[in-house]
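Engineer: what's the 3D shape of this:
(chains A and B)
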Amino acid sequence: MVQSEIHNQISINRRAAILGTLGACLFGVLSSRLYYLQILKSEDYRALSDDNRFNFNITIPSRGRILDRHGKYLAINSQNYSLVLIPERVKDIESTLFKLKQTLSLSNSNITRIKKNINRQASFVPVLIKENLDWATFSKFNFQTPDFPGVIPQVGLGRFYPNNGLFSHTIGYVGTPSTKDIEYDKDPLLKQPSFKIGKTGIEDSADKLLRGRPGKLKVEVNASGRTVREFPVDTDAPVNGKDIWLTLDSELQKKAAELFGDDSGGIVVMDVLTGELRAMLSMPTFNGNLFVSGITQSEMDKLNNDERRPQYNKVLAGGYPPASTFKMVVMLAALEGGFIDPKDKVICSQKVNLGNRTFHCWKRGGHGPVNMREALKGSCDVYFYELSQKVGIEKIASMGRRLGFGEKFSIGLKGLKSGIMPDPKWKKLKLGNSWKVGDTINASIGQGFVLSTPLQMAVMVARIANGKDSLTPNLIIEPNLKKFQSLGINPSHIAFVQKCMLAVCEEPGGTAYKKYGLELGQLQIAGKTGTGQVRGISEQERRSKLRRDEDLPWKLRDHNVFVGYAPFKSPRFAVSCLVEHGGTGSKRAIEISRSILKTALERDGISNSKNIKSTITTNA
Amino acid sequence: MVFQIVKILKVLLLPMHNLFLDYTKTTSKLSDINWLLVLLVFLLGLSGVAMIFAATGGDWLGGAKQHFYRLIFATFFMLLIALIDLRFWYTISYPFYIVILMLLISVDIMGVTVNGSKRWIDLQIANYELARVQPSELMKLGIVLTLARFYHDLPRWRVSSVYGLLGAFVIIFVPMFLIMRQPDLGTALLVAATGASIVFLAGITWRLLASLSVFSFISITLFVVFGLKPYQRERILTFLDPSHDPSGASYHIIQSKIALGSGGFNGKGFMNGTQRQLEYVPENRTDFIFTVIGEEFGLVGSLLTIAIYIAIIGICLWLSAQCKKVYSKLLILGFIVTFSLYVFINLAMVMGLAPVVGVPLPLISYGGTVLLTVMTGFGLILSAYIHRETKLPSSKYKN
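Structural biologist: Reported below is the predicted structural model:
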């Protein structure tokens, strides 16, 4: 009995010892594993731990401003009052959203977007409820925060265009990057919430410059991605975008918009010495701020349904017949080729027959016998029909190109049109037909195939006014003045054409006659009118003599064109003005051009002095 | 017959007698308690408080406080159990087992479902939730008590007999089956392993042991292939190839290894563990608390912790050797096997040597039931040692 008990005891003790040894072995394994992890592999795991720990956040640079030549702001970063919601701090998202919807009158689509964002992001990432709040609403919410737990009023930087849309076509606007933008542009900034990139205009073409470089911020993050601590490093600070100074003068631009009123069209004021664009306006314009904050459908519809097409940049992308303003080109081509003596007269009896077609002069009863000077002054079409047949389209087209027609200028913007400076080669290529004499005749008065932009017309008149340099337009202020190529036209021919243009404006009988119409003392203006036909005029209408442009629907009325420069004796500014469907006679275009030239000269302080020098405001 | 009932009642009233009437004996019993063991156990519990405090980012209310109070309570509870006469434990061994079996069955029927498995029963007194009791946890005690008594009553020559084998098999398998149904694979295996260890200690012949091992190896393999729930198989698969699911289950293992490894030789310092601070290691105040020790105190702290565990186990082995009765010996060894299995499995899991099977690190991990179970176990160990001279009512040795 007792022996068995003892035996049993010994047996259990022995087996316990076996288990104990086994346990010791297991502890040995565990300890060596610890040695392996904590000593041998320690460095690796420490690195992994830091990988876990640190992340790089992107800090957003502030976007460069856009300023006019005098340093007035055209695009700035304004304080943007917005409301964000931090989902994890909101107890009941549904009811909070419902209350917000009522207080802020949010649309249903807004609510859907907010909900989508809430579901898509980590719960501590703020979701934008509404931006661009007015101060009253914003301060109200600052008081009401206890009623809306988790809803936080924030002040951020947003883009703002202060000039009421005066510069919208040129500056453009910013907007949220599209999926395509993000795919194409790998800049990490694009993926930042509420980051905006340039969509049109300078904002778009100079986006890289304005945008700046993102900074890096080393942050310690926890497992759920929340930032716990920040480690700012100076070298990783963001590089803010560069400011861009434009050659435009916002006062002049404003004046131009006032002059245009409700009319549709475009105007360009160009410095005849430097090529700087002092004003460039397409009318009507639109408010770029609408697009920054997300345009509503009704606002969009309003823009799209306006027959005057506010969003369309008529100055750079419009294609208009230069009409009679093209006559200077024909004159210069004729003079250069020596095809005619300017004193030779042509008899204008209102129509010219050519084969089975009849070409008309605009003036009822014709001009009678006119020489070159009189022909331009009175804008006689028949004279130029005859002249163009002598000169030939090749010479005319070549002179047109030298004066800027058909050329796409590089002014730092996208979307410029080259227009059409037609010649036989062009017609063969585009239309497959051979060139007809009738085409030349149409081209001689800037109709037919000839299409140009208001900018090209401005360049043309600026080059004539300058007489020496082949000016190109300039929109962004550069530290150094551009050097231009020589125009290469005989100065005496230029002088002759200039005198003819003076006659148009300052001599009785000129199509734009008004003695000292500039209203700046003795300063004179030289220029040329044009009436761009929008439609063909039927024989019947001509005969009825009852046709008056004012009786036609707006869409069918003629375009109004005027190009000119002032002062005549020492040219300073060139202007080209187009009033869409402004009616025959170019009255509107002339009025606008005169006033804008007057304002431009006054603003430059040279209205009563002949001492003209370049007044360039450089990037200060 | 009447005499029998009176005898049983007398035994059942022993705790009352021990605690309230028999003062002189109690003081001598107190001096007989192995205070080193108590101290080491309490020390581990305190380090648990500190680690939970660190794991919750210095939040005293995040569990550390509760662990502390539970530790104090459980320590007194342990001493109380230690003072109660061994005959009492001997007598209630079977009834206790049967009660827990019934609880397990009732869990199966009306238990609270937490994380997709039914493991809990709410114990309420006047609507105040005392505890959520996991009967499976109590079964870890029950299996030891029952098997100890079973082998104590069984003559040694019958251990390897059909009766002995069948009895042990039923005692182990029924609760194991019920726990597996919850499903709680970890606890089921722990119960089975504890039972198997006791069978081994009781003196099953080596030949039988070998054939049983082969048999169980085959049946476990078959079970893994056919009998596991998908998530359980997933755990084993990710253990075998941790890169196969980087942010799922093996995320635990990878992050826990990073925490340990980045601790290096002497650690990042108390409250300075970045993995811990930044919540990269999930469950780090419960099952993965060893990562906090490893990260903040390095190899030094980890080995020191392991050393204390080894000391506790060693002391208990020594205590069992001091006892002469089979019941006492198997009781002590059974509990220390359970305790060691907890420690091994948890550490191996944290170090990436075993699959993630929710087994806490005893005494240190946050969690009331486990703490109480383990401390009760130590109470019973102490009781068995203190009462090593007490005669048990029915030691019947036959040859």
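
Engineer: A:Glu506 against A:Leu518, yeah?
Structural biologist: No - taking contacts as Cβ atoms under 8 Å, A:Glu506 lies outside contact range of A:Leu518: 9.3 Å. Quick note: C-beta positions are derived from backbone N, CA and C, even for glycine.

Engineer: which residues do those two both contact?
Structural biologist: Contact criterion Cβ atoms under 8 Å, 6 or more residues apart in numbering or on different chains; residues bridging A:Glu506 and A:Leu518 by contacting each: A:Gln524, A:Ile525.

Engineer: Against B:Pro183, how distant is whatever residue of the stretch 251-400 of chain A ends up closest to chain B?
Structural biologist: The nearest approach of the stretch 251-400 of chain A to chain B comes at A:Gly294, 35.9 Å away (Cβ to the nearest Cβ). Using Cβ to Cβ, to the nearest Å, one obtains 53 Å as the distance from A:Gly294 to B:Pro183.

Engineer: who's more crowded, these two?
Structural biologist: For A:Gly294 versus B:Pro183, the count of surrounding residues by other Cβ atoms under 10 Å in any protein chain shown is larger for B:Pro183: 17 against 13.

Engineer: SS state for the more buried one?
Structural biologist: coil (DSSP: H, G, I helix; E, B strand; the rest coil).

Engineer: Where does pLDDT dip in the stretch 451-600 of chain A?
Structural biologist: A:535-552, A:583-585 (pLDDT under 70).

Engineer: For chain B, give me its nearest residue in it.
Structural biologist: Closest point on the stretch 451-600 of chain A to chain B, by Cβ to the nearest Cβ, is A:Ile476, at 48.7 Å.

Engineer: which residues touch the nearest residue to that residue once chain neighbours are set aside?
Structural biologist: Spatial nearest neighbour of A:Ile476, chain neighbours left out: A:Gly412 (4.7 Å); criterion: Cβ to Cβ, 6 or more residues apart in numbering or on different chains. Taking Cβ under 8 Å, 6+ apart, we find A:Gly412 in contact with A:Ile202, A:Ser205, A:Ala206, A:Leu475, A:Ile476.

Engineer: 10 Å - rerun?
Structural biologist: Counting by Cβ atoms under 10 Å, 6 or more residues apart in numbering or on different chains, A:Gly412 makes contact with A:Thr170, A:Gly201, A:Ile202, A:Ser205, A:Ala206, A:Leu209, A:Ile244, A:Leu246, A:Asn474, A:Leu475, A:Ile476, A:Glu478.

Engineer: ok, now which ones touch A:Thr200?
Structural biologist: Residues near A:Thr200 by Cβ under 10 Å, 6+ apart: A:168-175, A:288, A:291, A:311, A:313, A:413-415.

Engineer: Kindly recompute the last result at 7 Å.
Structural biologist: Applying Cβ atoms under 7 Å, 6 or more residues apart in numbering or on different chains to A:Thr200 gives the contacts A:Gly172, A:Tyr173.

Engineer: Low-confidence bits of the stretch 251-400 of chain A, can you list those?
Structural biologist: Within the stretch 251-400 of chain A, the set of residues satisfying pLDDT under 70 is empty.

Engineer: Next, residue 265: phi, psi?
Structural biologist: Let's take chain A. Phi and psi for A:Gly265, reported as degrees, to the nearest 10, are phi 160, psi -150.

Engineer: should've been chain B
Structural biologist: Per-residue torsions, B:Phe265: phi -70, psi -50 (degrees, to the nearest 10).

Engineer: Next: the one 5 residues further on.
Structural biologist: Torsion angles at B:Phe270 (phi, psi; degrees, to the nearest 10) stand at phi -60, psi 130.

Engineer: my read: it touches B:Glu296, true?
Structural biologist: Yes - look at B:Phe270 against B:Glu296 with Cβ atoms under 7 Å: they come within range, at 5.5 Å.

Engineer: In terms of neighbours, single out the busier of these two.
Structural biologist: For B:Phe270 versus B:Glu296, neighbours defined as other Cβ under 10 Å are more numerous around B:Glu296 (26 against 15).

Engineer: Check which residues of the helix or strand encompassing the more buried one are buried.
Structural biologist: Using DSSP states H and E, B:Glu296 sits in helix B:289-322. Buried positions in helix B:289-322, judged by neighbour count with 16 or more other Cβ atoms under 10 Å in any protein chain shown: B:289-299, B:301-303, B:305-306, B:308-310, B:312-313, B:315-317, B:319-321.

Engineer: How about the contacts made by the residue of the stretch 451-600 of chain A closest to chain B?
Structural biologist: A:Ile244, A:Leu246, A:Gly412.

Engineer: Look at the closest residue to the first one other than its chain neighbours and say how many residues are nearby.
Structural biologist: Of all residues not flanking A:Ile244 in the chain, A:Ile66 sits nearest, at 5.0 Å (Cβ to Cβ, 6+ apart). The number of residues packed around A:Ile66, counting by other Cβ under 10 Å, is 26.

Engineer: again with the one 5 residues further on
Structural biologist: By the measure other Cβ under 10 Å, the count of residues near A:Gly71 is 13.

Engineer: Am I right that it is in a helix?
Structural biologist: No - per three-state DSSP, A:Gly71 lies outside any helix segment and is coil.

Engineer: ok, for the closest residue to chain A within the stretch 201-350 of chain B, nearest residue in space, not its chain neighbours?
Structural biologist: The nearest approach of the stretch 201-350 of chain B to chain A comes at B:Gly261, 2.5 Å away (Cβ to the nearest Cβ). Once flanking residues are discounted, B:Gly261 sits nearest to A:Tyr45: 2.5 Å by Cβ to Cβ, 6+ apart.

Engineer: Hmm, that neighbour is touching B:Ala259, no?
Structural biologist: No - if you go by Cβ under 7 Å, A:Tyr45 and B:Ala259 don't touch, sitting 8.0 Å apart.

Engineer: out of those two, which sits in the more crowded spot?
Structural biologist: Shown here are A:Tyr45 and B:Ala259; by other Cβ under 10 Å, B:Ala259 has more neighbours (31 against 22).

Engineer: before we move on, back to that, quick check: of the contacts of A:Ile476, which lies closest to chain B?
Structural biologist: A:Ile244 (43.5 Å).

Engineer: residues in contact with that closest one?
Structural biologist: By Cβ under 7 Å, 6+ apart, the contact set of A:Ile244 is A:Gly64, A:Ile66, A:Ile202, A:Ala206, A:Leu209, A:Leu210, A:Ile476.

Engineer: hmm, 8 Å instead?
Structural biologist: By Cβ under 8 Å, 6+ apart, the residues touching A:Ile244 are A:Gly64, A:Arg65, A:Ile66, A:Leu67, A:Ile202, A:Ala206, A:Leu209, A:Leu210, A:Ile476.

Engineer: quick one: the residue lying closest to the first one once chain neighbours are set aside from chain B, how far?
Structural biologist: In other words, A:Gly64. Nearest non-adjacent residue to A:Gly64, counting by Cβ to Cβ, 6+ apart: A:Gly241, 3.3 Å away. As judged by Cβ to the nearest Cβ, to the nearest Å, A:Gly241 and chain B stand 35 Å apart.

Engineer: Count the residues that sit near A:Lys363.
Structural biologist: A:Lys363 is flanked by 16 other residues according to other Cβ under 10 Å.
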